[in-house]
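Chemist: What follows is a predicted protein model with its sequence.
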Amino acid sequence: MSSTAGSNGRAAAPGAPTADPLAPLAALPGVPEAVESVRTSVDRVYGHRIMRRRSSEVSAEAALRGARASAAVDGADWALEEVRRRSDFGSETEARTVGAALRVTAESGQLLDIWKQSPLRVLARLHLVAASGSAPDETVGRPRRPGEPVAGPELGVELPGADEVAARLDGLAQLLTADSAAPALVTAAVVHGELQVLRPFGSYNGPVARAAERIVLVGSGLDPKAICPAEVGYAELGRESYTTALADYASGTPEGMSRWIAHCGRAVELGARESTAVCEALQRGAA
C-alpha cells in the first residue's frame, strides 16, 4: 500500500512511523485537483432541488445502479431493468455475481458504525454476505489461508501470499482506525486499491472492495446519502481502464498512486452524474 513515498520512490507500508500516513498521498501531483473536482460534482447533485424532498428515492436508485455496475466490472454486465426485475440470483455464475453485488451494497449501509472501530470485522461480514451459499462454508467470512485459491476475474497484478495478506490487512485496519486529515477520496481509493490488490478472500473480492470504498465515502461525510455510486463510474470507464489503474496502485510509486486516485475520483464524478440524471428524471416524472 502506498502511504508515504520513501527515498526509493516507492510507498511505505501502512504501519510506517509517520504522523499521518495518508497525508503525503493527498499532496501528490494531481490529487488536490481530483479531490476538488469530486467535491464540486458531489455538491452539485446534493444541491439539486429533488434532493430536498425525494433523496431516499435517489439513494435507493443509486444503490441499485451501483450494484449493477459493480457486477458489470466483474464481468456480469446485465441491463439495469434485468437486475430490477430478477429475483433469482443463485442459478448461474453471472447471476451469483449480480446477487453478491446487490447484497454487499445493501449491507454496507448497515455497517458504518462498526467500520469506525473494526474495519476487518466489516470486511468479513461483507464477504459472508457476498459468498454465503456459493462458496465452501469454511472459507466464507475469513481471509484466505496458504494454498487456498482465489476465484474471480484476472486483474493483471501478482497475487500476494496469505501471510502478506494478513500483515497488510492488519496495517490497513490500523490506518483506518487512526485519525487522518486526508480527504475522503484518498482514503477510499487506498481502501479499494489495497483490497483489490490483496484479494484477501477466496471469492467476491471486487464487490467487497468497492463496497468498502462506498462505506468510506459515506461515512466520511463526502456522500452521506450514498447517491454518488463510484461503481457506475468504474463500469463506464471500462474494465481495461480499471485494471490499468489497479496496476498503477500495485506499483506503489507516487506516480502510480496519483493515477489510481484520479481514476477513483473520476468514477465518483460519473456516479454523481448518474444520480443527477436520476434527479432530472424524477423531476420530469419519468422515473
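Modeler: Done, it's in.

Chemist: Which stretches in the stretch 51-200 of the chain count as helices?
Modeler: With DSSP state H, counting those that start in this stretch applied, the stretch 51-200 of the chain shows helices at 55-73, 80-85, 93-108, 112-117, 119-131, 162-177, 184-198, listed in chain order.

Chemist: So residue 210 is in contact with residue 232, correct?
Modeler: No. The pair formed by residue 210 and residue 232 falls short of the contact definition of CB atoms under 8 Å, at 10.6 Å. Bear in mind the C-beta positions are built from the backbone N, C-alpha and C, glycine included.

Chemist: who has more neighbours, these two?
Modeler: residue 210 (30 against 26; other CB atoms under 10 Å).

Chemist: so the helix or strand where the more buried one lies versus helix 55-73, what angle?
Modeler: Element membership of residue 210, judged by DSSP states H and E, is helix 205-219. Using axes from the mean of the first three to the mean of the last three CA atoms, to 10 degrees, the inter-axis angle of helix 205-219 relative to helix 55-73 is 150 degrees.

Chemist: Check whether residue 45 really touches residue 226, as I assumed.
Modeler: No. When contacts are counted by CB under 8 Å, residue 45 is not listed as touching residue 226 (11.7 Å).

Chemist: the more surrounded of the two?
Modeler: Set side by side, residue 45 and residue 226 show unequal neighbour counts under other CB under 10 Å, the larger going to residue 45 at 25 against 22.

Chemist: Verify the contact between residue 261 and residue 29 for me.
Modeler: No. Checked against CB under 8 Å, the pair residue 261 and residue 29 is beyond contact range at 10.7 Å.

Chemist: And these two? Which one has more around it.
Modeler: Using other CB under 10 Å, the more surrounded residue of residue 261 and residue 29 is residue 261, with 29 against 10.

Chemist: residues contacting the more buried one?
Modeler: Residue 261 makes contacts with 25, 28, 30-31, 34, 185-186, 189, as judged by CB atoms under 8 Å, 6 or more residues apart in numbering.

Chemist: and if we set it to 6 Å?
Modeler: Applying CB atoms under 6 Å, 6 or more residues apart in numbering, one finds that residue 261 lies in contact with 31, 34, 189.

Chemist: swap in residue 131?
Modeler: The contact partners of residue 131, by CB under 6 Å, 6+ apart, come to 140, 203-204.

Chemist: By neighbour count, which of the residues you listed wins?
Modeler: Neighbours here mean other CB under 10 Å. Within the contacts of residue 131, the largest count is held by residue 204, at 27 neighbours.

Chemist: Distance-wise, check that one relative to residue 236.
Modeler: 22 Å (CB to CB, to the nearest Å).

Chemist: do the same with residue 23
Modeler: Following CB to CB, the distance that separates residue 23 from residue 236 is 31 Å.

Chemist: and if you look at residue 124?
Modeler: From residue 124 over to residue 236 the distance is 30 Å, taken as CB to CB.

Chemist: Repeat that for residue 40.
Modeler: From residue 40 over to residue 236 the distance is 19 Å, taken as CB to CB.

Chemist: Out of those two, name the residue with the larger neighbour count.
Modeler: For the pair residue 40 and residue 236, the greater number of neighbours falls to residue 236 (16 against 11), based on other CB under 10 Å.

Chemist: residues in contact with the residue positioned nearest the centre of the chain?
Modeler: The centre of the chain sits closest to residue 210, judged by CA atoms, centre = their mean, with a distance of 2.3 Å. Under the criterion of CB under 6 Å, 6+ apart, the neighbours of residue 210 are 70, 231.

Chemist: Mind doing that once more with 7 Å?
Modeler: 70, 192, 231 (CB atoms under 7 Å, 6 or more residues apart in numbering).

Chemist: Is residue 204 in contact with residue 100, as I believe?
Modeler: Yes. Between residue 204 and residue 100 there is a contact at 5.0 Å, judged by CB atoms under 7 Å.

Chemist: Residue 54: neighbour count?
Modeler: For residue 54, the number of neighbouring residues by other CB under 10 Å comes to 15.
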